[in-house]
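Enquirer: sequence plus predicted model, see below.
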Amino acid sequence: MRKLLNTLIVLPLALIFLAFAVANRHFVTLSFDPFNSTDPAVALTLPLFVVVIAMAALGVIAGGIATWFSQRRWRRAARRLEGELSETRSRLAGTEASLAQLRNSAQADPAGHPAVGQIPYLMGIGRDKHGAPL
(Lines give C-alpha, C1' and ligand atoms only; values in the text may rest on other atoms or scores of the structure.)
Protein backbone atom coordinates (compact mmCIF):
# COMPACT_ATOMS: atom_id res chain seq x y z
CA MET A 1 0.00 0.00 0.00
CA ARG A 2 2.80 2.37 0.91
CA LYS A 3 4.68 1.70 -2.33
CA LEU A 4 1.54 2.37 -4.32
CA LEU A 5 0.97 5.65 -2.47
CA ASN A 6 4.58 6.72 -3.02
CA THR A 7 4.28 5.86 -6.71
CA LEU A 8 1.08 7.88 -7.02
CA ILE A 9 2.80 10.92 -5.47
CA VAL A 10 6.44 10.68 -6.57
CA LEU A 11 5.87 9.75 -10.21
CA PRO A 12 3.64 12.75 -11.05
CA LEU A 13 6.01 15.08 -9.16
CA ALA A 14 8.98 13.74 -11.11
CA LEU A 15 7.11 14.27 -14.38
CA ILE A 16 6.22 17.85 -13.38
CA PHE A 17 9.85 18.62 -12.45
CA LEU A 18 11.06 17.11 -15.72
CA ALA A 19 8.58 19.14 -17.78
CA PHE A 20 9.54 22.29 -15.85
CA ALA A 21 13.25 21.66 -16.45
CA VAL A 22 12.77 21.13 -20.18
CA ALA A 23 10.58 24.26 -20.52
CA ASN A 24 12.95 26.53 -18.52
CA ARG A 25 16.42 25.76 -19.83
CA HIS A 26 17.43 29.36 -20.52
CA PHE A 27 20.11 30.88 -18.30
CA VAL A 28 19.48 33.58 -15.72
CA THR A 29 21.93 35.61 -13.65
CA LEU A 30 21.44 35.31 -9.94
CA SER A 31 22.99 38.40 -8.35
CA PHE A 32 23.93 38.83 -4.70
CA ASP A 33 25.04 42.49 -5.08
CA PRO A 34 22.13 44.88 -4.37
CA PHE A 35 24.18 48.02 -5.11
CA ASN A 36 25.51 47.31 -8.64
CA SER A 37 22.97 45.50 -10.80
CA THR A 38 24.79 46.04 -14.13
CA ASP A 39 28.11 44.48 -13.03
CA PRO A 40 27.53 42.58 -9.77
CA ALA A 41 30.51 41.54 -7.68
CA VAL A 42 28.92 38.22 -6.71
CA ALA A 43 26.71 36.56 -9.32
CA LEU A 44 25.89 33.13 -10.68
CA THR A 45 24.60 32.26 -14.12
CA LEU A 46 22.45 29.16 -13.94
CA PRO A 47 19.52 27.60 -15.80
CA LEU A 48 16.20 28.86 -14.41
CA PHE A 49 14.96 25.41 -13.41
CA VAL A 50 18.05 24.88 -11.21
CA VAL A 51 17.39 28.14 -9.37
CA VAL A 52 13.68 27.40 -8.83
CA ILE A 53 14.19 23.77 -7.74
CA ALA A 54 17.08 24.77 -5.42
CA MET A 55 14.92 27.45 -3.78
CA ALA A 56 12.07 24.94 -3.34
CA ALA A 57 14.49 22.46 -1.74
CA LEU A 58 15.82 25.18 0.59
CA GLY A 59 12.23 26.03 1.54
CA VAL A 60 11.50 22.39 2.40
CA ILE A 61 14.68 22.18 4.49
CA ALA A 62 13.88 25.46 6.30
CA GLY A 63 10.33 24.23 7.02
CA GLY A 64 11.66 20.93 8.37
CA ILE A 65 14.10 22.72 10.67
CA ALA A 66 11.37 25.08 11.92
CA THR A 67 9.07 22.13 12.60
CA TRP A 68 11.84 20.25 14.40
CA PHE A 69 12.47 23.24 16.69
CA SER A 70 8.75 23.73 17.35
CA GLN A 71 8.40 20.09 18.47
CA ARG A 72 11.18 20.42 21.04
CA ARG A 73 8.66 20.56 23.90
CA TRP A 74 7.03 17.27 22.87
CA ARG A 75 10.36 15.46 22.52
CA ARG A 76 11.40 16.66 25.98
CA ALA A 77 8.10 15.45 27.48
CA ALA A 78 8.49 12.07 25.77
CA ARG A 79 11.99 11.65 27.21
CA ARG A 80 10.76 12.58 30.69
CA LEU A 81 7.82 10.16 30.48
CA GLU A 82 10.10 7.42 29.18
CA GLY A 83 12.29 7.86 32.26
CA GLU A 84 9.28 7.76 34.56
CA LEU A 85 8.02 4.62 32.82
CA SER A 86 11.39 2.92 33.26
CA GLU A 87 11.45 3.82 36.96
CA THR A 88 7.88 2.59 37.45
CA ARG A 89 8.66 -0.70 35.70
CA SER A 90 11.68 -1.28 37.92
CA ARG A 91 9.64 -0.50 41.05
CA LEU A 92 6.92 -2.90 39.86
CA ALA A 93 9.48 -5.64 39.27
CA GLY A 94 10.85 -5.10 42.80
CA THR A 95 7.36 -5.23 44.29
CA GLU A 96 6.51 -8.40 42.37
CA ALA A 97 9.76 -10.00 43.54
CA SER A 98 8.98 -9.06 47.16
CA LEU A 99 5.47 -10.44 46.85
CA ALA A 100 6.74 -13.69 45.32
CA GLN A 101 9.30 -14.02 48.11
CA LEU A 102 6.60 -13.37 50.73
CA ARG A 103 4.34 -15.99 49.15
CA ASN A 104 7.16 -18.54 48.99
CA SER A 105 8.06 -18.00 52.62
CA ALA A 106 4.38 -18.23 53.63
CA GLN A 107 4.00 -21.54 51.84
CA ALA A 108 7.22 -22.93 53.33
CA ASP A 109 6.31 -21.99 56.93
CA PRO A 110 2.54 -21.43 57.17
CA ALA A 111 2.55 -21.32 60.98
CA GLY A 112 4.41 -18.04 61.35
CA HIS A 113 3.01 -16.23 58.34
CA PRO A 114 -0.43 -15.08 57.29
CA ALA A 115 -2.37 -17.16 54.85
CA VAL A 116 -1.42 -16.69 51.21
CA GLY A 117 -4.89 -15.40 50.46
CA GLN A 118 -4.46 -12.67 53.09
CA ILE A 119 -1.26 -11.18 51.61
CA PRO A 120 -2.94 -8.69 49.25
CA TYR A 121 -5.28 -7.68 52.06
CA LEU A 122 -2.40 -7.10 54.47
CA MET A 123 -0.44 -5.13 51.85
CA GLY A 124 -3.34 -2.76 51.33
CA ILE A 125 -4.31 -4.17 47.96
CA GLY A 126 -8.07 -4.43 47.59
CA ARG A 127 -8.85 -1.38 49.71
CA ASP A 128 -10.42 1.89 48.72
CA LYS A 129 -8.84 5.30 49.32
CA HIS A 130 -10.09 5.37 52.94
CA GLY A 131 -8.59 1.95 53.75
CA ALA A 132 -11.86 0.01 53.80
CA PRO A 133 -11.76 -3.44 52.19
CA LEU A 134 -13.42 -3.71 48.81
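Expert: Cool, got the structure. Numbering: from 1, shown residues only.
Enquirer: which is the next helix or strand following the helix or strand where Leu58 lies?
Expert: Using DSSP states H and E, Leu58 falls within helix 48-70. Using DSSP H and E, the helix or strand that follows helix 48-70 in sequence is helix 72-108.
Enquirer: now that following helix: buried residues?
Expert: By neighbour count with 16 or more other Cβ atoms under 10 Å, helix 72-108 contains the buried residues Leu102, Ala106. Quick note: C-beta positions are derived from backbone N, CA and C, even for glycine.
Enquirer: angle of that helix against helix 48-70?
Expert: Interaxial angle of helix 72-108 relative to helix 48-70 (axes from the mean of the first three to the mean of the last three Cα atoms, to 10 degrees): 50 degrees.
Enquirer: which strands and helices sit next to helix 72-108?
Expert: Using 3 or more Cβ pairs under 8 Å, 6 or more residues apart in numbering; DSSP states H and E as the contact test, the elements touching helix 72-108 are helix 119-122.
Enquirer: quick check, Asp39 in a strand?
Expert: No. Counting by DSSP: H, G, I helix; E, B strand; the rest coil, Asp39 is not part of a strand but coil.
Enquirer: next one: phi and psi at it?
Expert: Backbone geometry at Asp39, expressed as degrees, to the nearest 10, gives phi -130, psi 80.
Enquirer: that one: neighbour count?
Expert: Residues lying near Asp39 (other Cβ atoms under 10 Å) number 8.
Enquirer: tell me which residues in the helix holding Leu58 are buried?
Expert: Leu48, Phe49, Val50, Val51.
Enquirer: quick one: contacts of stretch 39-52?
Expert: For stretch 39-52, contacts defined as Cβ atoms under 8 Å, 6 or more residues apart in numbering pick out 20-21, 23-33.
Enquirer: restricted to strands, list the residues you listed.
Expert: Within these, residues falling in strands by DSSP state E are Phe27, Val28, Thr29, Leu30, Ser31.
Enquirer: ChimeraX command for the buried members of those residues?
Expert: In ChimeraX, a selection of the buried entries from the ones in strands among the contacts of stretch 39-52 looks like this (16+ other Cβ under 10 Å):
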select :30,31
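Enquirer: okay if I get the ones in strands among the contacts of stretch 39-52 as CSV plus pLDDT and distance to Val60?
Expert: Shown next, in CSV, are the ones in strands among the contacts of stretch 39-52 (pLDDT from 0 to 100; distance: Cβ to Cβ, whole Å):
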residue, pLDDT, distance to Val60
Phe27, 92, 25
Val28, 90, 21
Thr29, 87, 25
Leu30, 87, 19
Ser31, 87, 24
